[in-house]
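*Asks:* Provided below for reference: sequence and predicted model.
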Amino acid sequence: MNRKVKLRAFLPFLTFAICNLQFAFSFANPPPLPTFSPLVFHPPKPERWVLPNGLVVFLLEDHELPLVKLEMLVRAGSQYDPPDKVGLQSLFGEVLAVGGSLHHTPEEIQRALDVTGGSLGFSVSLEDASGSLSCRAADFDKLFPLWVDLLRNPQFQNHYLDIEKNKTIESLRRINDEPEEITRREFRRLIYGTAHPYARIPDPASIKRIARKDLLDVHAQYVHPNAMMIAVSGDFDRSAMKIKLQTALGDWPRADVAYPNVPAVIPTTESKLYYIERPINQSQIRMGHTGLKRHSPDHFAWEVFNELWGGGSTSRLFSIVRTQKGLAYEVGSTFWEPKDLGLILSICLTRGPQTTAAIRSIMDITQGLQSAPFNEKEISFAKDSIRNRFVENYTSSAKIASDAMAMEFRGYPSDYLDTYPERIGKVTAEDLSRVAGLYLQPDKMITLVVGDLSTFDKPLSTIGRPQEVKPLDYSQEEP
């Protein structure tokens with residue numbers, strides 16, 4: 001075969017190789033991504049309406065589905081429980097929902113819910129009591145009077161109080177079944193002290209002391225229209241709904257409410273390491289200290305910093321501790337902003353043999369971030385992630401109405417939801433460096449480990465920080 005014939009025979013293979021090379025380069029050099037306009041978020045505005053007795057109402061019509069959702073907040077909360085009756089307001093919420101009203105027995109109310117498929121409830125958290133009613137629009141006129149009668153005239157029948165007390169005591173008996181719950185609870189007690197309302201827990205003796213009169217007293221002290229807000233969303237006519245609310249709640253007299261003093265939080269001052277010995281294969285780790293109060297002017301900067309520290313899937317903690325080093329099943333950071341000093345903390349779940357290595361890695365990363373050494377690409381991605389999650393939260397009229405109510409209830413400005421994405425977007429690298437220096441304090445970090453020390457690769461005392469390692473007896477009153 002001459003050279004021309006040989007070349008002609010080789011050309012198909014050469015062409016195939018060149019095409020594949022071009023195909024490979026097309027993957028190696030993708031076209032630039034399109035640019036998008038800045039995120040704009042304008043949720044519908046609920047109408048704010050105030051009854052003469054001070055009850056604030058938010059109304060948002062949405063006729064997409066034949067449903068109505070009513071939600072309520074009252075200025076109360078477990079932070080106001082007397083020291084000898086911790087758990088009182090939590091029981092108040094539970095029994096309020098099932099203990100009957102002045103004009104309707106518990107059985108009548110439950111039967112009405114069973115027939116209509118509706119639901120109602122009440123509960124109490126640290127800083128507020130809440131209530132809700134969900135039903136078909138066609139059933140609202142039937143169920144709303146029952147909900148109002150429970151709210152205004154609860155009976156707290158002793159039989160149902162005893163049931164809820166027994167359920168609470170049983171849950172306290174099993175309080176140490178879950179290592180994650182032990183870690184969460186005891187970490188708060190280490191930060192705030194066992195007697196502070198932000199961390200205290202009931203015991204069977206305090207639950208047994210609670211009587212029906214205590215629940216009636218809580219209702220008389222806190223549940224008044226001028227200490228309350230209601231949000232109604234869904235398939236209704238606004239004018240007609242106002243008439244229903246005015247008829248049911250307008251004659252309820254306002255009252256002066258006196259709130260017990262809540263002790264001020266004492267800031268964390270020094271680094272300590274505690275452990276709880278448990279025969280488990282995995283270690284629960286929490287590391288943190290006191291942080292920001294609600295309405296801190298640094299909230300938005302800290303939210304972006306937290307996203308970069310451990311709040312997101314591309315954060316430093318997640319990328320290094322979990323992805324690069326493989327030291328954790330779960331790892332991240334979070335923060336909590338109550339009325340007084342909240343929490344700044346990192347959380348980790350790891351195998352027993354990796355416990356000390358995971359703690360050291362979290363400490364090293366946290367110390368390295370005190371100057372917030374993030375590049376513009378990281379910062380931009382973090383801000384986009386926060387804003388996208390924020391917008392995705394508001395996919396229903398019920399969420400929009402209830403959050404508008406909650407924002408005002410907690411003292412946020414009326415434009416908070418509208419300006420949230422913009423204010424996140426304005427956070428700069430300088431802001432991050434400033435808040436990192438102000439609020440991230442590795443030298444004041446409390447560490448709590450729950451796990452089996454016999455499985456650890458090294459003793460906790462070898463972590464490399466000059467701190468005393470203490471066992472925590474979580475059955476005692478003070479750590």
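*Replies:* Now that the structure is in, tell me what you want to look at. Residues are numbered from 1 along each chain as shown.
*Asks:* Run me through the strand neighbours of the helix or strand Leu345 falls within, direction for each.
*Replies:* For Leu345, the element it lies in under DSSP states H and E is strand 343-351. Partners of strand 343-351 in the sheet, by DSSP bridges, are strand 282-290 (antiparallel), strand 330-336 (antiparallel).
*Asks:* Pull that strand out as CSV, backbone CA atoms only.
*Replies:* This file holds the C-alpha atoms of strand 343-351, laid out as CSV (Å, rounded to 0.1, in the frame of the first residue of the first chain):
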residue,chain,number,x,y,z
LEU,A,343,-26.2,31.8,71.7
ILE,A,344,-23.4,31.5,69.1
LEU,A,345,-22.4,27.8,68.7
SER,A,346,-21.0,25.1,66.5
ILE,A,347,-22.6,21.6,66.5
CYS,A,348,-20.9,18.3,65.5
LEU,A,349,-21.8,14.7,65.3
THR,A,350,-18.9,12.3,64.8
ARG,A,351,-17.6,8.8,65.5
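*Asks:* Any buried residues in that strand, and which?
*Replies:* Residues of strand 343-351 classed as buried under the neighbour-count rule (16 or more other C-beta atoms under 10 Å) are Leu343, Ile344, Leu345, Ser346, Ile347, Cys348, Leu349, Thr350, Arg351. Where you see a C-beta, it was placed from the backbone N, CA and C, and this is true even at glycine.
*Asks:* Could you export these as a markdown table, including distance to Phe92 and pLDDT?
*Replies:* Converted to a markdown table, the buried residues of strand 343-351 look like this (distance: C-beta to C-beta, whole Å; pLDDT from 0 to 100):
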| residue | distance to Phe92 | pLDDT |
| --- | --- | --- |
| Leu343 | 26 | 98 |
| Ile344 | 31 | 98 |
| Leu345 | 30 | 98 |
| Ser346 | 35 | 98 |
| Ile347 | 31 | 98 |
| Cys348 | 36 | 98 |
| Leu349 | 34 | 98 |
| Thr350 | 39 | 98 |
| Arg351 | 42 | 97 |
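*Asks:* The residues you listed into a markdown table, with extra columns for distance to Ala357?
*Replies:* A markdown table is the format used below for the buried residues of strand 343-351 (distance: C-beta to C-beta, whole Å):
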| residue | distance to Ala357 |
| --- | --- |
| Leu343 | 25 |
| Ile344 | 23 |
| Leu345 | 19 |
| Ser346 | 15 |
| Ile347 | 16 |
| Cys348 | 11 |
| Leu349 | 14 |
| Thr350 | 8 |
| Arg351 | 10 |
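*Asks:* Surely Val449 touches Leu460?
*Replies:* Yes - Val449 is within contact range of Leu460, at 6.6 Å (criterion: C-beta atoms under 8 Å).
*Asks:* Of these two, which one has the most company?
*Replies:* Neighbours per residue, other C-beta atoms under 10 Å: of Val449 and Leu460, the larger number sits with Val449, 28 against 19.
*Asks:* is the more buried one in a bridge, and if so with what?
*Replies:* The partner residues for Val449, given DSSP bridges, come to Tyr275, Ile285.
*Asks:* ok, now which ones touch it?
*Replies:* If a contact means C-beta atoms under 8 Å, 6 or more residues apart in numbering, then Val449 has Leu273, Tyr274, Tyr275, Ile276, Ser283, Gln284, Ile285, Thr355, Ile359, Leu460 as its contacts.
*Asks:* dump the residue contacts of the last one.
*Replies:* In other words, Leu460. For Leu460, the contact set (C-beta under 8 Å, 6+ apart) comprises Leu273, Tyr275, Thr355, Thr356, Ile359, Val449, Leu453, Val469.
*Asks:* switch the cut-off to 7 Å
*Replies:* Leu460 makes contact with Leu273, Tyr275, Thr356, Val449, Val469, according to C-beta atoms under 7 Å, 6 or more residues apart in numbering.
*Asks:* Tabulate the residues you listed (a markdown table), appending pLDDT and distance to Phe92.
*Replies:* Shown next, in a markdown table, are the contacts of Leu460 (pLDDT from 0 to 100; distance: C-beta to C-beta, whole Å):
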| residue | pLDDT | distance to Phe92 |
| --- | --- | --- |
| Leu273 | 95 | 38 |
| Tyr275 | 96 | 36 |
| Thr356 | 96 | 44 |
| Val449 | 97 | 36 |
| Val469 | 86 | 41 |
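*Asks:* Out of those residues, flag the one nearest to Leu67.
*Replies:* The closest of the contacts of Leu460 to Leu67 turns out to be Val449 (C-beta to C-beta; 46.6 Å).
*Asks:* Domain ranges for the protein, per the record?
*Replies:* Domains of the chain are assigned by automatic domain parsing as 47-249, 272-407+420-471.
*Asks:* How far does the shortest one sit from its chain's centre?
*Replies:* Shown here is domain 272-407+420-471, whose average C-alpha point lies 14 Å from the average C-alpha point of the whole chain (C-alpha atoms, centre = their mean, to the nearest Å).
*Asks:* residue closest to the middle of this structure?
*Replies:* The chain has Trp336 as the residue nearest its centroid, 7.8 Å off, counting by C-alpha atoms, centre = their mean.
*Asks:* so that one sits right up against Leu345, yeah?
*Replies:* No - between Trp336 and Leu345 there is no contact under C-beta atoms under 7 Å: 8.3 Å.
*Asks:* And the helices in the stretch 351-479 of the chain, which stretches?
*Replies:* Along the stretch 351-479 of the chain, counting by DSSP state H, counting those that start in this stretch, helices occupy 355-368, 376-392, 397-409, 416-425, 429-439.
*Asks:* Just send these back as TSV, with mean neighbour count and distance to Glu94 too.
*Replies:* Converted to TSV, those look like this (neighbours: other C-beta atoms under 10 Å; distance: least, C-beta to C-beta, whole Å):
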stretch	mean neighbour count	distance to Glu94
helix 355-368	20	38
helix 376-392	16	32
helix 397-409	21	21
helix 416-425	17	31
helix 429-439	17	37
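*Asks:* What spatial separation is found between the closest residue to Ala429 other than its chain neighbours and Gly437?
*Replies:* The shortest distance from Ala429 to any non-neighbouring residue, by C-beta to C-beta, 6 or more residues apart in numbering, is to Ile379 (6.1 Å). Distance from Ile379 to Gly437, counting by C-beta to C-beta, to the nearest Å: 17 Å.
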